[in-house]
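Peer 1: when you get a sec, could you give me coordinates for this:
(one chain, ligands or ions: 1)
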Amino acid sequence: MITLPFRGPSAIDLATMPDLAGLGSLGTVTGARVDPAVFDYTASIRFDWRLYRHDVAGSIGHVRMLARAVPEIMPPADAKAIEDGLLAVCAEIDAQLHRLVPLGEDIHSHVELRLRQLLEERFPGRGEDMGRRLHTARSRNDQVATDVRLWCKNACVELAGAVLDLQAALLDRANRWPDAVFPGYTHLQPAQPVLFAHHLMAYYEMLARDLERLERAYVAADVLPLGSAALAGTTFAIQRDRTAAELGFSRVSANSMDAVSDRDFAVELLAAAALLMAHLSRLSEDLVVWASDEFGLIALSPRWAEGSSIMPQKRNPDAAELTRGKAGRVFGHLQSLLTVLKGLPMTYGRDLQEDKEALFDAAKTVRGALHALTVAVESLELRADRAAERAAAGYSTATDLADSLVRAGVPFRTAYDAVKRLVQHCAATNRPLDALTVDELRQFHPALGPEALAAAPVERSVAARNVPGGTAPAQVRQALVAATARTAVQRQRWQSLPCLTQPSA
Ligand code: ARG
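Peer 2: So this is what the prediction gives:
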């Protein structure tokens with residue numbers, strides 16, 4: 001499999017770089033001379049230059065295969081010269097990055113045109129012709145689909161790494177306060193006490209599903225379209241399996257028409273990104289609520305929470321608010337690509353060029369949110385005393401009293417009614433449940449006795465929820481141990497998945 005020598009920006013790092021500025025008057029590989037306004041409108045080099053590594057790798061895989069399969073057309077020595085030239089083009093862009101002076105309307109044209117120049121410099125009189133053979137048995141349609149699939153595989157691996165980092169931060173904070181109680185809410189009303197660690201692990205589980213979705217997106221992208229040519233396949237006796245092996249694809253596409261117009265894999269990545277972003281916006285909202293003075297459940301670190309420019313006392317959870325806000329743009333990218341695909345006639349249409357900016361922006365937005373929230377989570381401090389106080393507030397253990405009645409043989413609905421009256425009485429007289437005497441309790445139901453009182457403390461309530469998936473300390477400890485092992489396994493898995501550029505640490 002091809003590995004490029006340069007260890008520069010990762011796929012998503014490239015996506016964060018600025019677009020190229022003016023295009024000047026560029027040529028096209030086909031030699032067409034279109035109106036500059038139209039050219040400016042249709043050219044994609046301003047943003048798709050970021051695919052240069054994937055385009056170079058795709059071409060190397062293609063030319064290596066041609067040298068094996070059709071040496072009479074692509075002599076191995078020429079293939080080697082082309083491969084060296086492609087690596088030189090790659091190194092040149094590595095060095096220029098967004099100061100690149102483009103030669104063509106898109107990255108595929110740029111790489112080919114620059115390759116031909118370099119080859120002609122190295123092999124005067126025949127280098128240009130050598131380079132002109134590269135596009136044998138290939139079209140930009142299967143080429144761009146290959147490039148985007150390679151990019152998506154990289155993006156999945158990078159995003160998975162960032163998800164694993166956030167999961168590790170959640171685990172770290174859960175292990176820091178494994179027994180601390182915390183108010184659990186439904187409808188954002190105090191409901192039942194839980195362990196803080198249990199609450200954090202709820203996010204761990206959501207993110208575990210996001211990892212599964214990213215893996216499915218990786219598998220969806222892991223199909224080689226090259227060899228489909230424009231739409232119908234090619235007249236040359238190419239060996240698609242060989243190209244797939246060179247480029248680290250597990251499968252080759254089964255239908256050339258589908259292959260050049262399929263962007264389902266991009267939709268699947270955007271869908272995974274959108275739901276991940278929905279999860280991150282929920283975590284953000286919890287951080288915002290917990291840190292508010294009214295809740296006061298956690299303290300925010302100055303590592304990420306910024307001050308106000310006018311109110312000296314404030315510390316604002318800006319990155320969490322931005323994550324709520326940025327969820328919308330990722331949902332929008334998913335919607336936009338679905339709309340591009342809707343009603344697209346078979347096969348390739350230039351509409352498909354619109355896939356790239358959606359993918360690039362979604363990936364960089366999600367990765368940014370993951371990084372910021374990792375900092376937020378790993379630096380958060382639980383205000384354990386305040387959390388314990390709020391966990392007990394609002395008669396949060398009323399269900400436990402009802403459950404104790406059920407154990408004494410009372411039907412649950414009857415127990416519920418009795419405890420409801422009891423809680424209303426306590427609220428009216430402003431007394432906590434555990435301040436009641438047994439005699440007082442019995443006024444609400446004859447079976448309410450010492451067992452009911454014993455069930456009222458928060459710690460007892462939490463410990464009693466000792467079912468798999470429940471918040472009892474024994475369950476949560478097991479969950480933490482299991483999650484630590486799962487995260488280690490996942491890290492290894494993701495690091496071993498073939499993709500062109502592993503993110504630089
Ligand atoms: N920039 C184009 C895209 O992103 C490359 C493929 C162009 N193919 C074509 N037949 N015009 O889709």
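
Peer 1: look up how far residue 228 lies from residue 147.
Peer 2: To residue 228, residue 147 is 14 Å away according to CB to CB, to the nearest Å. Placement of C-beta: from N, CA and C, glycine included.

Peer 1: name the helices or strands packed onto the worst-scoring helix or strand of the chain on mean pLDDT?
Peer 2: Lowest on mean pLDDT, DSSP states H and E among the helices and strands of the chain sits strand 306-307, with a mean of 77. On a contact count with 3 or more CB pairs under 8 Å, 6 or more residues apart in numbering; DSSP states H and E, strand 306-307 meets strand 315-316.

Peer 1: repeat that for 10 Å
Peer 2: strand 315-316, helix 318-341 (3 or more CB pairs under 10 Å, 6 or more residues apart in numbering; DSSP states H and E).

Peer 1: so which of these is the most surrounded?
Peer 2: helix 318-341 (a mean of 18; mean count of other CB atoms under 10 Å).

Peer 1: who's in contact with the residue in the stretch 401-505 of the chain that the ligand sits nearest to?
Peer 2: Across the stretch 401-505 of the chain, no residue is closer to the ligand than residue 500, which sits at 18.2 Å (CB to the nearest ligand atom). Shown in contact with residue 500 (CB atoms under 10 Å, 6 or more residues apart in numbering): 1-4, 11, 53-54, 56-58, 150-151, 153-154, 157, 247-248.

Peer 1: those in helices, which ones?
Peer 2: 11, 53, 54, 56, 57, 58, 150, 151, 153, 154, 157, 247 (DSSP state H).

Peer 1: just give the closest residue to the first one, not the sequence neighbours.
Peer 2: Which is residue 11. residue 154 (3.6 Å; CB to CB, 6 or more residues apart in numbering).

Peer 1: show me what from the stretch 101-250 of the chain comes close to the ligand.
Peer 2: Those residues of the stretch 101-250 of the chain that sit near the ligand, judged by CB under 6 Å from any ligand atom, are 106, 108, 140, 141, 144.

Peer 1: surely the last one is within a helix?
Peer 2: Spelled out, that is residue 144. Yes. Assessed with DSSP: H, G, I helix; E, B strand; the rest coil, residue 144 lies in a helix.

Peer 1: which strand or helix spans the nearest residue to it once chain neighbours are set aside?
Peer 2: Sequence neighbours aside, residue 108 is the residue nearest to residue 144 in space, at 6.5 Å (criterion: CB to CB, 6+ apart). Using DSSP states H and E, residue 108 sits in helix 107-122.

Peer 1: report the buried residues of the helix or strand just after that helix.
Peer 2: The C-terminal neighbour of helix 107-122 among helices and strands, as given by DSSP H and E, is helix 127-132. Judged by neighbour count (16 or more other CB atoms under 10 Å), helix 127-132 contains these buried residues: 127, 130, 131.

Peer 1: Serialize the helices and strands packed on strand 306-307 to a markdown table and add fields for distance to residue 135 and mean pLDDT.
Peer 2: Formatted as a markdown table, the helices and strands packed on strand 306-307 follow (distance: least, CB to CB, whole Å; pLDDT from 0 to 100):
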| stretch | distance to residue 135 | mean pLDDT |
| --- | --- | --- |
| strand 315-316 | 54 | 86 |
| helix 318-341 | 26 | 97 |
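
Peer 1: dump these into JSON lines; add distance to the ligand as well.
Peer 2: Formatted as JSON lines, these follow (distance: least, CB to the nearest ligand atom, whole Å):
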{"stretch": "strand 315-316", "distance to the ligand": "40"}
{"stretch": "helix 318-341", "distance to the ligand": "11"}
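
Peer 1: go through the ones you listed and name the closest to residue 288.
Peer 2: helix 318-341 (5.2 Å; CB to CB).

Peer 1: packing partners of that closest one?
Peer 2: Checked by 3+ CB pairs under 10 Å, 6+ apart, helix 318-341 has helix 264-291, strand 306-307, helix 355-378 packed alongside it.

Peer 1: try it again with 7 Å
Peer 2: helix 264-291, helix 355-378 (3 or more CB pairs under 7 Å, 6 or more residues apart in numbering; DSSP states H and E).

Peer 1: that older thread, between the ones in helices among the contacts of residue 500, which is closest to residue 380?
Peer 2: Closest to residue 380, out of all of the ones in helices among the contacts of residue 500 and judged by CB to CB, is residue 157, at 27.7 Å.

Peer 1: read off the pLDDT value for that closest one.
Peer 2: The model reports residue 157 with a pLDDT of 96.

Peer 1: the ligand versus that one, what's the distance?
Peer 2: Between residue 157 and the ligand the computed distance is 22 Å (CB to the nearest ligand atom, to the nearest Å).

Peer 1: what about the stretch 401-505 of the chain, any weak spots by pLDDT?
Peer 2: Low-confidence segments of the stretch 401-505 of the chain, defined by pLDDT under 70: 501-505.

Peer 1: checking the closest residue to the ligand within the stretch 151-300 of the chain next. Helix, strand or coil?
Peer 2: Taking CB to the nearest ligand atom, the ligand has its nearest neighbour within the stretch 151-300 of the chain at residue 230, 7.4 Å off. Secondary structure for residue 230, judged by three-state DSSP, is coil.

Peer 1: which one is it nearest to, not counting chain neighbours?
Peer 2: In space, residue 230 is closest to residue 139, 4.0 Å off (CB to CB, 6+ apart).

Peer 1: burial measure for the one you found, as a count.
Peer 2: 20 (other CB atoms under 10 Å).

Peer 1: got it, and residue 3?
Peer 2: 11.

Peer 1: any figure for the gap between the residue of the stretch 151-300 of the chain closest to the ligand and residue 141?
Peer 2: Taken as CB to CB, the span from residue 230 to residue 141 is 5 Å.

Peer 1: who's more crowded, those two?
Peer 2: Under the neighbour definition other CB under 10 Å, residue 230 and residue 141 were set side by side, and residue 141 has more, 21 against 16.

Peer 1: next one: phi and psi at the more buried one?
Peer 2: Dihedral pair for residue 141: phi -70, psi -50, per degrees, to the nearest 10.

Peer 1: in this structure it contacts residue 260, no?
Peer 2: Yes. Residue 141 lies in contact with residue 260 (CB atoms under 7 Å); the separation is 4.1 Å.

Peer 1: what do these two both touch?
Peer 2: Contact criterion CB atoms under 7 Å, 6 or more residues apart in numbering; residues shared by residue 141 and residue 260: 231, 348.

Peer 1: want to try a markdown table for the ones in helices among the contacts of residue 500, with neighbour count as columns?
Peer 2: Shown next, in a markdown table, are the ones in helices among the contacts of residue 500 (neighbours: other CB atoms under 10 Å):
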| residue | neighbour count |
| --- | --- |
| 11 | 29 |
| 53 | 25 |
| 54 | 27 |
| 56 | 26 |
| 57 | 26 |
| 58 | 31 |
| 150 | 27 |
| 151 | 30 |
| 153 | 28 |
| 154 | 24 |
| 157 | 24 |
| 247 | 26 |
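
Peer 1: of all those, which two lie farthest apart?
Peer 2: Maximum distance among the ones in helices among the contacts of residue 500 (CB to CB): 18.8 Å, for 56 and 157.

Peer 1: and the angle for the helix or strand residue 81 falls within with helix 107-122?
Peer 2: Using DSSP H and E, residue 81 falls within helix 76-96. Inter-element angle recorded for helix 76-96 and helix 107-122: 110 degrees (by axes from the mean of the first three to the mean of the last three CA atoms, to 10 degrees).

Peer 1: buried sites along helix 76-96?
Peer 2: So, applying 16+ other CB under 10 Å, buried residues of helix 76-96: 78-79, 81-83, 85-90, 93-94.

Peer 1: now distance to residue 203 and pLDDT too, for those, in a markdown table please.
Peer 2: Supplementary listing: the buried residues of helix 76-96 in a markdown table, determined by distance: CB to CB, whole Å; pLDDT from 0 to 100:
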| residue | distance to residue 203 | pLDDT |
| --- | --- | --- |
| 78 | 55 | 98 |
| 79 | 50 | 98 |
| 81 | 53 | 98 |
| 82 | 49 | 98 |
| 83 | 46 | 98 |
| 85 | 49 | 98 |
| 86 | 44 | 98 |
| 87 | 43 | 96 |
| 88 | 47 | 97 |
| 89 | 44 | 96 |
| 90 | 40 | 94 |
| 93 | 39 | 92 |
| 94 | 38 | 89 |
